[in-house]
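> Coordinates for the following, if possible.
(chains A and B)
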Number of protein chains: 2
Amino acid sequence: MKRWNGWGEETFEYPLHDDALAFLASRIGTGQAVQDASFEAACASLAASRLPDHPLVDKAPATRLRNALGQSLPDWLKLRYGRIGRAPDGVAYPESAEQVRELIFFAMQHGAALIPQGGGTSVAGHLTAPDGERPVLAVNMTRMGRLHHLDRQAQLATFGAGVLGPDLEAQLRAHGYMLGHFPQSFEYSTLGGWVVTRSSGQQSLRYGRIEQMFAGGVVETPQGRLDIPTFPASAAGTDLREIVLGSEGRMGILTEATVRVSALPEYEAFHAVFFPDWERAEAAVRTLAQARGGLSMLRLSNPLETVTMLALAGHKRLIGLLEGWLRLRGCGEGKCMLMIGVSGTRRLARVALAAALATCAAHQGVHVGRRMGDKWKEGRFRNVYLRNAAWQQGYVIDTVETAVDWPRVSLMMGAVEAAATGVLGGMGEKVHTYTHLSHLYAQGASVYTTFVYRLAGDFETDMARWRALKHAVSMAIVDNGGTISHQHGVGSDHAPYLAAEKGPAGIAAMQALFSHFDPQGIMNPGKLLPGGQGA
Amino acid sequence: MKRWNGWGEETFEYPLHDDALAFLASRIGTGQAVQDASFEAACASLAASRLPDHPLVDKAPATRLRNALGQSLPDWLKLRYGRIGRAPDGVAYPESAEQVRELIFFAMQHGAALIPQGGGTSVAGHLTAPDGERPVLAVNMTRMGRLHHLDRQAQLATFGAGVLGPDLEAQLRAHGYMLGHFPQSFEYSTLGGWVVTRSSGQQSLRYGRIEQMFAGGVVETPQGRLDIPTFPASAAGTDLREIVLGSEGRMGILTEATVRVSALPEYEAFHAVFFPDWERAEAAVRTLAQARGGLSMLRLSNPLETVTMLALAGHKRLIGLLEGWLRLRGCGEGKCMLMIGVSGTRRLARVALAAALATCAAHQGVHVGRRMGDKWKEGRFRNVYLRNAAWQQGYVIDTVETAVDWPRVSLMMGAVEAAATGVLGGMGEKVHTYTHLSHLYAQGASVYTTFVYRLAGDFETDMARWRALKHAVSMAIVDNGGTISHQHGVGSDHAPYLAAEKGPAGIAAMQALFSHFDPQGIMNPGKLLPGGQGA
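Next up is the predicted model:
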């Protein structure tokens, strides 16, 4: 069963080994485990439901609790400490567009706020029930996950929008196709969630962001149904897909989505390259991203992330040998690890890889071969489980991400890390912070920073730490010209920082658009834009 | 000087040679030249200006006439017959955003409709002055065409939005960069026009559509200024660029645009391949488009377009030899010509070309080498001049384009051609109609059909022919699931067909968005959506 207060399957553990713990202790001190609240206690803490009965709505506390929060750190703190606060007053699991319409109507009738959700993996507070008097209905879309139609000629697949990543790929694989969207949340996030939060997967360099994959679909809104047909491209006015993308539940519920799929590639490989320092590594990946060289992935870790990944990997002796060998080749202290992915026909993939490795070599990059790359691929959805293991040792792992044009990439990385170090330092705590560039573009890169620090052990202090950290790093992002999110969306946690990039005119345009579809302001109020926009 | 009633430079002629004329005569009969109205007579026909004086507004009839119409066939008929009808009451050539704001304010003050324009190359009626009492102000953006900023690291260039294609590329080339957007109108169309009509260039397979190039910019609207900053990618809510793209002047005037540029490629080549028939050719290009094989262009002519291009090419003896040789290789009657472009590093371009040629060979494609490809590139902006030459011989050339998913590409081609043949046949005229696929996607293709038929010789009959033809082919597009435009936009000519793809909910959303920026409905009324949306 899925963990109610952590990541993933209850039966799967991915423990921190002793060397990793020693590494963390040396960086930020020894953690102190906290006693988690029980599921029963958390259920018992919920206020009585304010929703009237409806045959589709489940008001059992256990169901409400399981749909109350996502995977952001404040969500975790609420769950772990059993301080849930607001939860939805009822949860529906619709199985058809008709039922979705019925639920929207039900919410309108009773002045309820409606929170659409998929796999509940939001790390930006998309699921939080809003404060106030009105009841809250959560609509969980995961029962609408069937492959409705596969058009082999056009390479289009139409799914119920609640399909989970693995179910989507499995249904396609049965026909020889794939989507290729692999965010780290892949195992528990849904197609609909990807679309409405503008998600991006690890192999976006080849397959594109969800924006490029989303070809059309159906949205049920308080003002009626919006049907978006598929075209390979169009110059006919406003692209309606773009109204749905990034709408975060504010305009309606995406019930069906058609995506651009691909034939399974003949060949796929991931290779690791090390660089002596960040400057050379950054120059190399910028060159690679601008060369349109047919790669499927580039993922560059900064020196501290490189050290951390090697420390957490286990195999101390092997890693020691590797590091010795790298040192001889010029990659010592300050080295940076790059993962390169290639997919496609064997021939084109090999040519692309050879060209990329030549570019790396020109920047003193040392190719260590495919083994580490394969290991990375193997573990790519497992690393999230480290969050559970760290928590058990009294540590929290939190992340933040942005994207920025090349001239500010290094500045951004420095500013975000420094902001975190500064704010926690001011509270007398150390933070272990490291960064990678996970999505590379000709224009710039995403900057993805991780923070590991100790739990204080009480809810208020831990929330205050998170709040201060979030504010400091968000201001660093905004002040350095980054977008408040490259791949996780805005939700409630990033909403205060959105105006910095959209400007008052942009915010007003978004408000006008969502108010048009949702004049009563019942759709996911408080997310993306402050307040119920119709209120 | 630019022709006032035709395409391009007055001093440049691209005549139809005798064999080409004989070919046309054999297909649709001999044309009868028509006496064009004089520029002076056309000027004299304009009604008096209804705009008050303003230091930025030129009310001279010659200026008004030169900014009255675009390049659609009805626009040509109006110009050639001197039946201009409505023209703008004045024309401004702003040189700064401040002046643009001043002009918007002036239009609001006097209840004038404002028509933003670039190079005046619209083929969808974007520039037509609306009927009614209110005065009309044309705002010509071509004096705002400077390169403001080039960011080499991020490969971003910021231009005044009125920059013409050749000026844009020349300013970039001076720094070793290029944009790579080459619509057939390239020589006379502007960056701003490309953005607001969602234009697509001949090498979009490599460089993307204008949607992918447009990174940010500034729009002056009746509600104030909208600033769109640049990010490599973002998951932060609505992408404001998408509100500007395809807005066709309805929300405001784009004054500045930042585009994603590329280093000049090391290598570029175009190659020609012939296929025995359409079925094999279509299967080959679909395979190529779905293989993500690193090509920069694919352009496939159907049998009649292939015949026509060979007939118009001149060099009868050489073409005869080529056709004989092709016949021996299996490409006789019904053969289809494919142009393949590759750009990039010499090594990757060659590998990509070799892989593409292997795919072609597997579909019985016969590679005839680079010479025809180079010829095609040389003439790619010159073919438009054939329209002038055909007119002088009593023929009109008109085109229509759409895009559709692969299962309907051939159906669409047949339906559009049959609609044209049917409607003109009903009027006792023959039409020479042929098609190419110019933009290929994994999902489908653009379908671009040309019609050549004889002028009737009087304005009313020729307008009636055009109207009947346009309606018939637009209905064929809509009925076969195509978009009403893949690359030319909606304007006034396609507006009646837009609801078929957007649906009432989509049209209402667009209306809500534009009304937000332009509550008085002064911005380009009647284009894209019917009526002044605020009216």
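
> Is chain B within reach of the helix or strand that contains residue A:299?
Using DSSP states H and E, residue A:299 sits in strand A:297-301. No - Strand A:297-301 does not reach chain B (C-beta under 8 Å from any C-beta of the partner chain); its nearest approach is 12.7 Å. Placement of C-beta: from N, CA and C, glycine included.

> Show me what that strand packs onto, helices and strands only.
Secondary-structure packing of strand A:297-301 (3 or more C-beta pairs under 8 Å, 6 or more residues apart in numbering or on different chains; DSSP states H and E): helix A:204-207, helix A:278-290, strand A:336-344, strand A:432-437.

> by how many degrees do it and helix A:278-290 diverge?
In terms of direction (axes from the mean of the first three to the mean of the last three C-alpha atoms, to 10 degrees), strand A:297-301 departs from helix A:278-290 by 170 degrees.

> Past strand A:297-301, which element shows up next along the chain?
As assigned by DSSP H and E, the chain's next helix or strand after strand A:297-301 is helix A:303-312.

> so for that following helix, what's the average pLDDT?
Helix A:303-312 comes out with an average pLDDT of 94.

> tell me the mean pLDDT over the helix or strand following it?
Next helix or strand after helix A:303-312 toward the C-terminus (DSSP H and E): helix A:316-328. Mean pLDDT, helix A:316-328: 93.

> Export the helices and strands packed on strand A:297-301 to CSV and append columns for mean pLDDT, mean neighbour count and distance to residue A:451.
Shown next, in CSV, are these (pLDDT from 0 to 100; neighbours: other C-beta atoms under 10 Å in any protein chain shown; distance: least, C-beta to C-beta, whole Å):
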stretch, mean pLDDT, mean neighbour count, distance to residue A:451
helix A:204-207, 94, 24, 24
helix A:278-290, 98, 21, 19
strand A:336-344, 96, 25, 19
strand A:432-437, 98, 24, 5
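
> Need those in CSV (columns: distance to residue B:309).
Compiled in CSV, the helices and strands packed on strand A:297-301 are given as follows (distance: least, C-beta to C-beta, whole Å):
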stretch, distance to residue B:309
helix A:204-207, 35
helix A:278-290, 36
strand A:336-344, 33
strand A:432-437, 47
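
> Residue B:340: which of these is closest?
Of all the helices and strands packed on strand A:297-301, it is strand A:336-344 that lies closest to residue B:340, at 18.2 Å by C-beta to C-beta.

> Where do the helices of the stretch 1-150 of chain A begin and end?
Using DSSP state H, counting those that start in this stretch, the helices of the stretch 1-150 of chain A run over residues A:18-28, A:39-44, A:61-66, A:73-80, A:97-109.

> most neighbours per residue, which of those?
Highest mean neighbour count among the helices of the stretch 1-150 of chain A (mean count of other C-beta atoms under 10 Å in any protein chain shown): helix A:73-80, with a mean of 22.

> Can you name every helix or strand that that helix contacts?
Contacts defined by 3+ C-beta pairs under 8 Å, 6+ apart place helix A:73-80 against helix A:386-392, strand A:395-405, helix A:459-479.

> Going by residue numbers, what spans are strands in the stretch 1-150 of chain A?
Taking DSSP state E, counting those that start in this stretch as the criterion, the stretch 1-150 of chain A contains strands spanning A:57-58, A:90-92, A:113-117, A:136-140, A:147-151.

> Chain B is nearest to which of those?
strand A:147-151 (6.5 Å; C-beta to the nearest C-beta).

> For the helices of the stretch 1-150 of chain A, could you give me JSON lines that also reports mean pLDDT and distance to residue B:416?
JSON lines is the format used below for these (pLDDT from 0 to 100; distance: least, C-beta to C-beta, whole Å):
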{"stretch": "helix A:18-28", "mean pLDDT": "95", "distance to residue B:416": "64"}
{"stretch": "helix A:39-44", "mean pLDDT": "98", "distance to residue B:416": "62"}
{"stretch": "helix A:61-66", "mean pLDDT": "98", "distance to residue B:416": "54"}
{"stretch": "helix A:73-80", "mean pLDDT": "98", "distance to residue B:416": "54"}
{"stretch": "helix A:97-109", "mean pLDDT": "98", "distance to residue B:416": "33"}
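
> Now tabulate those helices in JSON lines and tack on distance to residue B:358.
Output for those, formatted as JSON lines (distance: least, C-beta to C-beta, whole Å):
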{"stretch": "helix A:18-28", "distance to residue B:358": "49"}
{"stretch": "helix A:39-44", "distance to residue B:358": "60"}
{"stretch": "helix A:61-66", "distance to residue B:358": "54"}
{"stretch": "helix A:73-80", "distance to residue B:358": "52"}
{"stretch": "helix A:97-109", "distance to residue B:358": "45"}
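
> where in chain A is pLDDT low?
A:531-535 (pLDDT under 70).

> Might you report the residue contacts of the spatially most central residue of it?
Compute the mean C-alpha point of chain A, and by C-alpha atoms, centre = their mean the closest residue is residue A:488, 4.4 Å away. Residues in contact with residue A:488 (C-beta atoms under 8 Å, 6 or more residues apart in numbering or on different chains) are A:122, A:123, A:124, A:197, A:199, A:401, A:494, B:235.

> and it, what are its phi and psi?
Here is the backbone geometry of residue A:488 (degrees, to the nearest 10): phi -110, psi -10.

> how near is it to residue A:479?
20 Å (C-beta to C-beta, to the nearest Å).

> got it, and residue A:375?
Per C-beta to C-beta, residue A:375 is found 37 Å from residue A:479.

> cool, residue A:326 as well?
Counting by C-beta to C-beta - residue A:326 and residue A:479 are separated by 36 Å.

> Of those two, which one has the most company?
Using other C-beta atoms under 10 Å in any protein chain shown as the criterion, residue A:326 and residue A:479 rank with residue A:326 on top: 18 against 12.

> looking at it, the more buried one is touching residue A:365, isn't it?
No - in this structure, residue A:326 is not within contact of residue A:365 by C-beta atoms under 8 Å, at 11.0 Å.

> Residues that sit against both of the two, list them.
Residues touching both residue A:326 and residue A:365 (C-beta under 8 Å, 6+ apart) are residue A:274.

> Let me know the outermost residue of chain A.
Computed with C-alpha atoms, centre = their mean, the residue of chain A farthest from its C-alpha average is residue A:328, at 37.6 Å.

> and that one, what does it touch?
Residue A:328 neighbours (C-beta under 8 Å, 6+ apart): none.

> Any idea how many residues pack against residue A:520?
Neighbour count of residue A:520, defined by other C-beta under 10 Å: 17.

> If you could redo that for residue A:3, that was the one I meant.
14.

> ditto for the one 3 residues further on
As a burial measure, the neighbour count of residue A:6 was computed by other C-beta under 10 Å and equals 19.

> One more: residue A:475?
By the criterion of other C-beta under 10 Å, residue A:475 has 17 neighbours.

> same deal with residue A:293?
By other C-beta under 10 Å, 22 other residues sit near residue A:293.

> Ok, residue A:458 next?
With other C-beta under 10 Å as criterion, residue A:458 counts 11.

> Once you drop chain neighbours, what's closest to it?
Leaving aside its chain neighbours, residue A:458 sits nearest to residue A:81 (8.0 Å; criterion: C-beta to C-beta, 6 or more residues apart in numbering or on different chains).

> And for residue A:130?
Residue A:130 sits nearest to residue A:526 (C-beta to C-beta, 6+ apart), 4.6 Å away.
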